[in-house]
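Novice: what follows is a predicted protein model with its sequence.
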Amino acid sequence: MKILYTQDQIEDRIADMAQEIVAKYDPKTTVFVSLLNGAVPFTFLLMQAILRLKPEFHPNVQHMYVSRYGDNREAGKLKVIDDLPPDYRDLHGRQ
């Protein structure tokens, strides 16, 4: 097995991303959309890093579930299984 990135490299990059986010975005208008199931571990680490830098940021994280697989587990057209909550489906004016 070939290791592409070390744990330290991943943590450093996530910390860098968190720094960029808290410097650039307003927590009152920023919505993070995480795709279930694959993005949840990354989203968790990113939110922790943001809160370490700026505890008052209070990230607004919403989740969607999309899939390319049907009952037969063959890849097909991408479809939304579970959409964002109604109040977040129109993200215009948000960051």
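Specialist: Looks like it came in fine. Residues are numbered from 1 along each chain as shown.

Novice: what's the pLDDT at T43?
Specialist: Listed pLDDT for T43 reads 94.

Novice: next, give phi and psi for it.
Specialist: Torsion angles at T43 (phi, psi; degrees, to the nearest 10) stand at phi -60, psi -40.

Novice: these two touch, right, it and F32?
Specialist: Yes - counting by Cβ atoms under 8 Å, F32 is a contact partner of T43 at 6.7 Å. (C-beta placed from N, C-alpha, C; glycine too.)

Novice: name the residues contacting each of those two.
Specialist: V61 (Cβ atoms under 8 Å, 6 or more residues apart in numbering).

Novice: any idea how far the residue in the chain sticking out farthest from the centre is from A23?
Specialist: Centroid-distance maximum for the chain: N72 at 28.0 Å, with Cα atoms, centre = their mean. Distance of N72 to A23, given as Cβ to Cβ, to the nearest Å: 46 Å.

Novice: tell me the pLDDT at the residue most central in space within the chain?
Specialist: Nearest to the mean C-alpha position of the chain, by Cα atoms, centre = their mean, lies S34 at 3.7 Å. The model reports S34 with a pLDDT of 91.
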